[in-house]
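**Q** From the sequence below, what's the structure:
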Amino acid sequence: MFALKLLHAALAYMVVSVIFFGSVGQPLNLAALAILWPDRLGLPLWGWIAVLCLAASTLIFAIPLTSPTARVFRLPMFVALAIVLPTTIVGLYADSERRRGVRAFGADEVEENSFFTSIREAPQDFQFVLHTAALKGCTPYAWSYRTQSFYKLPPDAAVNVLPQRWIAKCGIARTERH
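**A** Just a heads-up that it's a prediction; the model follows:
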């Protein structure tokens, strides 16, 4: 019976991981990043929010269950909730703060990706998807979740990630190297 519970928990982890993160390993990568570099997500109290969501996930064990079927699915439900709750709540918080930063920045043009897109794409060595790109006076900028602000995007990177119409409109080109 315990082996069946573990199997269901592993299946729940795989299904939720693929749905939210695009792969089974991505939640582990992001958890390692969060532990090793908690400042990567520059949101105040995001860690506490995630811990509270994990604590709320454990409430599934407080519910008295009489059915043997329900007892088998208690651990998989905990696993699913432990991934879904903190990811959703912190993701909505991050998206809200990013949108507020976009409004305050006052860009001429903006192309936004949600936090959920970002966690599916990052961290990768060669990243071709920005959290959010902005164009202000034909100067390209990108959003940083770490600093919760925009930073100037170098032309060599901009040509790889900005919409082609922005590149053409503003004449953005790679800088020459000597």
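
**Q** gap between Leu162 and Gly137?
**A** 14 Å (C-beta to C-beta, to the nearest Å). Heads up, the C-betas are built off the backbone N, CA and C, glycines and all.

**Q** Any buried residues in the helix or strand hosting Thr117, and which?
**A** Assessed by DSSP states H and E, Thr117 sits inside helix 115-121. Residues 115-116, 118-119, 121 are the ones in helix 115-121 that count as buried (16 or more other C-beta atoms under 10 Å).

**Q** Adding pLDDT and distance to Ala173, write these out as TSV.
**A** Formatted as TSV, these follow (pLDDT from 0 to 100; distance: C-beta to C-beta, whole Å):
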residue	pLDDT	distance to Ala173
Phe115	89	31
Phe116	89	32
Ser118	85	27
Ile119	84	32
Glu121	78	25
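
**Q** Distance to Ala82 added to these, as JSON lines?
**A** Listed next are the buried residues of helix 115-121 as JSON lines, based on distance: C-beta to C-beta, whole Å:
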{"residue": "Phe115", "distance to Ala82": "18"}
{"residue": "Phe116", "distance to Ala82": "17"}
{"residue": "Ser118", "distance to Ala82": "21"}
{"residue": "Ile119", "distance to Ala82": "16"}
{"residue": "Glu121", "distance to Ala82": "23"}
